[in-house]
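Asks: Need the 3D shape of this:
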Amino acid sequence: MSMRISTNTMYESGISHLTTLQSQIVKTQNQLSANRRVLSGADDPIASARALEVTQSQAMNTQFATNRNSAKSSLSLVDQTLQSVTGQFQDIQSLIVQAGNGAFTQSDRESLATELEGRLNDLIGLANTTDGTGGYLFSGYKSNTQPFLQTPDGAVYQGDQGQRALQVGASRKMATTENGSTLFEGVPTGNGSFEVQAAGGNKGTGVMSEGSVVDRAKFLGHDYTVSFKTDSATKLTTYSVTDRSTTPATDVVPDTPYQAKTPIEFDGMSFDIEGTPVDGDSFSVESGARQSVFKTVTDLITTLRTPADGDAGKTALVNGLAAAGANMQNALDNVLTVQASVGARLKEVDYLDDSGSALDVQYTATLSGLQDLDMVKAISMFTQQQQTLQAAQMSFKTMSGLSLFNYIS
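Replies: Here you go, the predicted structure:
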């Protein structure tokens, strides 16, 4: 049984075959033009899906690199500002040492106080440093709020306790700022555990030492008062210690004969008092106290401007300078600790940059393996497809020219 093929069927079949060959050659031509093997998901579904995942990961890696640049800029500005703050603290410490010169007159100390006012203004200016875009470095999350406002007692903090952060890696979120409260307000006083302060009305020449915690297990962190009294008959000076943190206040040390430079020890603490306290003099022991560095400088200015008349006045000056010196050292240590943390973060950003660059190279290589075209193979295929198309066109031309009329003579 023979099958008849109509002329229309022959044309449709030929055109369909030619169209398929032309589509194949166009696809290969597009691959050559783009230098990519996978132009759509249909070309290789598995490779296409994997390439999408890698592309997204690479885009995230690029965003992390942008974030690291922003973090590096912010941290560098914080570091530079803290270097300036450190310089100011060291200058103030030098002025404290100068103020202790016994040959200085009240006029000399007044000059130092005037210079300290300038240092205080400079410090507040540094604490209110902006990031160049209108935001404040040390105001926590409240970047549009000026951190410090100067007051008669120093300065008041208007920011919060937050630290702005950026995602600088897939699993690393890094703080890029510091809050002013931690830097300038929460400064431990005295030796960091407790502070000995002379009462403002002292008449004697008692000068306290900084002291230290000698037995941490016995240290209670309470507040105390060391009171002196002198027996009018024997002229013997004694001291007693009262714990003010209990209700009612309790006696910790009963009346004990006072000897200059002999350690006064109780509740794990030890300090000594030099000089000659008189009847009614007292010293407070404040545990765990913290004070703004701006108040420390303001109090120092007040101390220098208070006339150091007589033995009591000179003693008050010495005690005031000693307290200011200890507090400024604590403030310096605090800033240096924060600065070391900022430096460590800057170094970590550099490491993350190196890791991110290596990861980007890896992503690029993976995408190349999934998408890139084998040029030699593609060119060979393109040439073959051209020849196949030309042969098909010639064959179709020949077949379409066949007719019975060609054989009728």
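Asks: rest of the way, CA atoms for contacts and neighbours
Replies: Fine.
Asks: Who are the contact partners of Thr250?
Replies: Shown here is Thr250, whose contacts under the criterion Cα atoms under 8 Å, 6 or more residues apart in numbering are 242-244.
Asks: Output these in TSV, with neighbour count and pLDDT appended to each entry.
Replies: Compiled in TSV, the contacts of Thr250 are given as follows (neighbours: other Cα atoms under 10 Å; pLDDT from 0 to 100):
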residue	neighbour count	pLDDT
Thr242	19	96
Asp243	18	96
Arg244	18	94
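Asks: just so I have it, where are all the helices in the protein?
Replies: Ranges of helices in the chain, per DSSP state H, are 7-34, 45-99, 106-127, 180, 293-305, 310-371, 375-400.
Asks: hang on, the earlier thing: okay, and which of the contacts of Thr250 map to strands?
Replies: Among the contacts of Thr250, the members falling in strands are 242-243 (criterion: DSSP state E).
Asks: Which member of the contacts of Thr250 is positioned nearest Asp122?
Replies: Using Cα to Cα, Arg244 comes nearest to Asp122 of the contacts of Thr250, at 38.2 Å.
Asks: if we can go back for a sec, turn the contacts of Thr250 into TSV, columns for distance to Pro147.
Replies: Converted to TSV, the contacts of Thr250 look like this (distance: Cα to Cα, whole Å):
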residue	distance to Pro147
Thr242	39
Asp243	37
Arg244	35
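Asks: Please report how far Asn144 lies from Leu137.
Replies: Applying Cα to Cα, to the nearest Å, one obtains 10 Å for the distance of Asn144 from Leu137.
Asks: neighbour-wise, which of those two wins?
Replies: Leu137 (31 against 14; other Cα atoms under 10 Å).
Asks: wait, isn't that one in contact with Thr176?
Replies: No. When contacts are counted by Cα atoms under 8 Å, Leu137 is not listed as touching Thr176 (9.0 Å).
Asks: Between the two, which contacts overlap?
Replies: With Cα under 8 Å, 6+ apart, Leu137 and Thr176 have no common neighbours.
Asks: Contact partners for Arg216?
Replies: The neighbours of Arg216, taking Cα under 8 Å, 6+ apart as the test, are Gly268.
Asks: List the residues that contact the closest residue in space to Asp279 that isn't next to it in sequence.
Replies: With Cα to Cα, 6 or more residues apart in numbering as the criterion, Asp279 has its nearest non-adjacent residue at 4.0 Å, and that residue is Lys229. Counting by Cα under 8 Å, 6+ apart, Lys229 touches 237-239, 278-281.
Asks: Could you list the low-pLDDT ranges of the stretch 301-409 of the chain?
Replies: Flagging of the stretch 301-409 of the chain using pLDDT under 70 yields the residue ranges 367-383, 385-393, 395-409.
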